[in-house]
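Trainee: below are the sequence and a predicted model for it; my questions follow.
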Amino acid sequence: MAVSEEVKKTIESRGLKVADIEKLVAEAKASKNMITNGSKFIAKKQMGDMVVYADFNEDGSINSAYGHKMKILDIVMDTSDTEWTYVKTGAKIRKGHTNLSYLGATRSAPSLVDPASGESWLEEYLAAKTIAVAEMLFSQKRA
Amino acid sequence: MSDKLSETSALCPVCLKTIKAVKVAEDDKVFIVKECGDHGQWKVQIWSGVEHYNYLYEFAAVQKPPLKYAVPECNDCPQDCGLCNMHKQHTCLNVVEVTNICNLNCPICFATANGCGYRYHPSMDDIKKMFRTVVDHVKSPRVVQISGGEPTIRDDLPEIIRTAKDMGIEHIEVNTNALRISHDTEYLKALADAGTDSFYFQFDGIDDNIYMQTRGRPMFDVKKKAIENCGAAGVGVTLVVTVSPKINLDHVGKIIEFAAMNVPTVKGVHFQPITYFGRYPAEPTDSDRVTLPDLAKEIEKQTMGMLKADNFLPTSCSNVHCDMKSLSVVLPDGSLFPLTTMALGPPTRTDDIADKTRTEVSKLWRFIEDTMDGPADPQDRSWRSFVSRAKTHYLTVSAMAFQDVWTGEVERWERCCIHMVTPDGKLIPFCLFNCTAVNGDTMYRRRSFCPHSEPL
């Protein structure tokens, strides 16, 4: 699979391994457990204590990868349709909010949701910023 | 039945000579036991919970020695301090006293302000020399606490602060009883404009009965007004509480509640279990003291479990038995959401922990700044509003167990990172500097300041 040097750097700076992401993409393509907006795909997988996401293209080339330690809980609400589709079922993905828990605290965050299956996906901007900061707040005293 | 934990050295409370001491465990408490051939034996409780006491050693940082030693060769810690070559930890906080005069006359005073028989009120040149000592001995970022006496009796305090900043001291906090800044807003503005980063407020409770005992006059309205003024001047405040089991230990929960109601001006509450140096009425017994674990349990009880004993961790910079700290986000309803917990375990890396913590925290706030825009809805239960609120509405609740001539020991002094700066170019651990014998003699205070003072 094609992974540019720049993408590789981003992936590694987030504590993830390129080989793991490649495996995630291969598994998602086989199981169709992924969402698409017609031009690219997002798939996720629980790896150890992290939920890891791959953002990739039809040919398997990887655009980015990210993750969060928060555990995905229930969908709090869904508000409107999006351009995304759940490849596995063909269902329309909706814009929503999902509860995420971390070290005993549960709060919501915007997400892409499939109400029928109860699945949620976080987009990169959120996982790499707000959610990352919240996780850092909890762990900063560990040094 | 007592078990010996370790051996250390300590001071005789009568003659201030170095004597052998042992730490023993008994009835799930830790005691320091020491004997002077000339003056007798002492046994003083220093901790509650033997397992906890031992476990905390796992939080100990790999220490980083000072840049320079004012006393290059010494083999009798703590008799020739300066720091000496035996000292294991660099300086994190430098305390510079700019006067020993005070506008209060408290029954208990570590500095024995107004009653020591000499007037210590250094000139600007002498103060510059002390700042020079800091710049030469401590690496950046340098933090200075201006203390006293009461520093705000000096009209030239803004100039002192400006001078410190010009000389390369990055962070200045002013230790004050808040009396002057409660009514003199022009002076407060001058302090803020000069670069005061925060105030370290003596604050014993939210009840004037407490102040009558600790300060000899009502002070609560003064404190409230001063906090309001600091808010208007844009300078943060840490409430510093001397905790006495007989006066205000039963008020610690209310003090935390008051602090939470006054964020973001109030940034923290720092509890200091009462220590017997300087001016104190009589030789203390264990019932006159409170240990850090007992204080943490009281906080848990009085905050109804909102802040638990397990939320407190040692900062790991000085000795692990010297302090404990928690960090919480204050939610819109005034409740605390603790971010720290012992459940996270000891730090994974303990080398240069202070630098790392400082860098991480500043990076974190910058990151929040970059990622958040617009105010969060206070009713919002999202992670975004939580992170946004954490940026401004946080509260540290911490405590430091200072050591006096009864509780002090070399194991802790040689790892201390809070140092007094002396006019003759030395840095001396704060507790050691103030250790006071039963007859009023001090280890270092009098001999450091008297040659630079005028007799009264």
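Mentor: Okay, I see it.

Trainee: any bit of the longest strand anywhere in chain A sitting next to chain B?
Mentor: The longest strand of chain A (DSSP state E) is strand A:71-86. No - figure legend: strand A:71-86 not in contact with chain B (Cβ under 8 Å from any Cβ of the partner chain); closest approach 8.6 Å. For the C-beta atoms, the positions are set from N, CA and C on the backbone; glycine is no exception.

Trainee: what segments of chain A are strands?
Mentor: So, for chain A - with DSSP E - the strands run A:35-36, A:41-47, A:50-56, A:62-68, A:71-86, A:92-102, A:105-114, A:119-121.

Trainee: mean neighbour count added to those strands, as JSON lines?
Mentor: Output for the strands of chain A, formatted as JSON lines (neighbours: other Cβ atoms under 10 Å in any protein chain shown):
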{"stretch": "strand A:35-36", "mean neighbour count": "20"}
{"stretch": "strand A:41-47", "mean neighbour count": "19"}
{"stretch": "strand A:50-56", "mean neighbour count": "23"}
{"stretch": "strand A:62-68", "mean neighbour count": "22"}
{"stretch": "strand A:71-86", "mean neighbour count": "15"}
{"stretch": "strand A:92-102", "mean neighbour count": "19"}
{"stretch": "strand A:105-114", "mean neighbour count": "21"}
{"stretch": "strand A:119-121", "mean neighbour count": "23"}
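
Trainee: out of the ones you listed, nearest to B:F386?
Mentor: strand A:105-114 (5.6 Å; Cβ to Cβ).

Trainee: who's in contact with the spatially most central residue of chain B?
Mentor: Taking Cα atoms, centre = their mean, the centroid of chain B lies closest to B:M400, which sits 5.6 Å from it. Contacts for B:M400 (Cβ atoms under 8 Å, 6 or more residues apart in numbering or on different chains) come out as B:270-272, B:322-323.

Trainee: so where's chain A uncertain?
Mentor: A:1, A:139-143 (pLDDT under 70).

Trainee: which ones are touching the most centrally placed residue in chain A?
Mentor: Computing the C-alpha centroid of chain A and ranking residues by Cα atoms, centre = their mean puts A:Y53 first, at 3.7 Å. A:Y53 makes contacts with A:42-44, A:65-67, A:121-122, A:124, A:127, as judged by Cβ under 8 Å, 6+ apart.

Trainee: check the residues you listed against chain B, which are close?
Mentor: Of the contacts of A:Y53, not one also sits near chain B (Cβ under 8 Å from any Cβ).

Trainee: that older thread, tell me what the residue nearest to the centre of chain B is bridged to.
Mentor: B:D323 (DSSP bridges).

Trainee: please identify the buried residues of the longest helix along chain A?
Mentor: In chain A, assigned by DSSP state H, the helix with the most residues is helix A:18-31. Neighbour-count burial for helix A:18-31, counted by 16 or more other Cβ atoms under 10 Å in any protein chain shown, picks out A:20-22, A:24-25, A:28-29.

Trainee: that one: how far from the chain's middle?
Mentor: What separates the centre of helix A:18-31 from the centre of its chain is 13 Å, taken as Cα atoms, centre = their mean, to the nearest Å.

Trainee: secondary structure element for B:I169?
Mentor: Secondary structure from DSSP states H and E places B:I169 outside every helix and strand.

Trainee: per-residue pLDDT, the nearest residue to B:A437 once chain neighbours are set aside?
Mentor: Sequence neighbours aside, B:L16 is the residue nearest to B:A437 in space, at 5.1 Å (criterion: Cβ to Cβ, 6 or more residues apart in numbering or on different chains). Looking at B:L16, its pLDDT is 95.

Trainee: quickly note the distance from B:L16 to B:Y444.
Mentor: 10 Å (Cβ to Cβ, to the nearest Å).

Trainee: can you list residues touching both of these two?
Mentor: B:C435.

Trainee: now B:K20, which residues is it bridged with?
Mentor: B:S9.

Trainee: what packs against the longest strand of chain A?
Mentor: Here strand A:71-86 touches strand A:35-36, strand A:92-102, strand A:105-114, strand A:119-121, going by 3 or more Cβ pairs under 8 Å, 6 or more residues apart in numbering or on different chains; DSSP states H and E.

Trainee: just the CA atoms of that strand, as CSV, please.
Mentor: Provided in CSV are the C-alpha atoms of strand A:71-86 (Å, rounded to 0.1, in the frame of the first residue of the first chain):
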residue,chain,number,x,y,z
LYS,A,71,-14.2,4.4,24.8
ILE,A,72,-17.1,4.9,22.4
LEU,A,73,-20.4,4.5,24.1
ASP,A,74,-24.0,5.2,22.9
ILE,A,75,-25.2,7.6,20.3
VAL,A,76,-26.8,10.6,22.1
MET,A,77,-28.6,12.1,19.1
ASP,A,78,-28.5,12.2,15.3
THR,A,79,-29.4,15.4,13.6
SER,A,80,-29.0,15.4,9.8
ASP,A,81,-27.9,13.3,6.8
THR,A,82,-24.4,13.5,5.6
GLU,A,83,-22.7,12.5,2.3
TRP,A,84,-21.3,9.4,4.0
THR,A,85,-22.6,5.8,3.6
TYR,A,86,-21.9,2.7,5.7
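
Trainee: tell me the strands beside it, with direction?
Mentor: Sheet pairing for strand A:71-86, using DSSP bridges, gives strand A:35-36 (antiparallel), strand A:92-102 (antiparallel).

Trainee: out of the ones you listed, nearest to B:K225?
Mentor: Closest approach to B:K225 among those (Cβ to Cβ): strand A:92-102, 40.3 Å.

Trainee: just how off-centre is that closest one within its chain?
Mentor: 11 Å.

Trainee: give me the residues contacting it.
Mentor: With Cβ under 8 Å, 6+ apart, strand A:92-102 has contacts from A:35, A:68-82, A:84-86, A:106-115, A:120-122, A:131, A:134-135, A:138, B:382-383.

Trainee: just grab the bridge partners of the residue nearest to A:S120 when sequence neighbours are not counted for me.
Mentor: Of all residues not flanking A:S120 in the chain, A:T98 sits nearest, at 4.0 Å (Cβ to Cβ, 6+ apart). Beta bridges link A:T98 to A:I75, A:A109 when assigned by DSSP bridges.

Trainee: from B:P423, how far out is A:T98?
Mentor: Distance, A:T98 to B:P423, by Cβ to Cβ: 62 Å.

Trainee: show me the shaky parts of the stretch 201-350 of chain B.
Mentor: Using pLDDT under 70, the stretch 201-350 of chain B drops low at B:278-281, B:348-350.

Trainee: can you tell me the residue of it closest to chain A?
Mentor: Nearest residue of the stretch 201-350 of chain B to chain A: B:P347, at 3.9 Å (Cβ to the nearest Cβ).

Trainee: doesn't that residue fall inside a helix?
Mentor: No - counting by DSSP: H, G, I helix; E, B strand; the rest coil, B:P347 is not part of a helix but coil.

Trainee: neighbours around it, how many?
Mentor: 20 (other Cβ atoms under 10 Å in any protein chain shown).

Trainee: so it touches B:F59, yeah?
Mentor: Yes - between B:P347 and B:F59 there is a contact under Cβ atoms under 8 Å: 6.6 Å.
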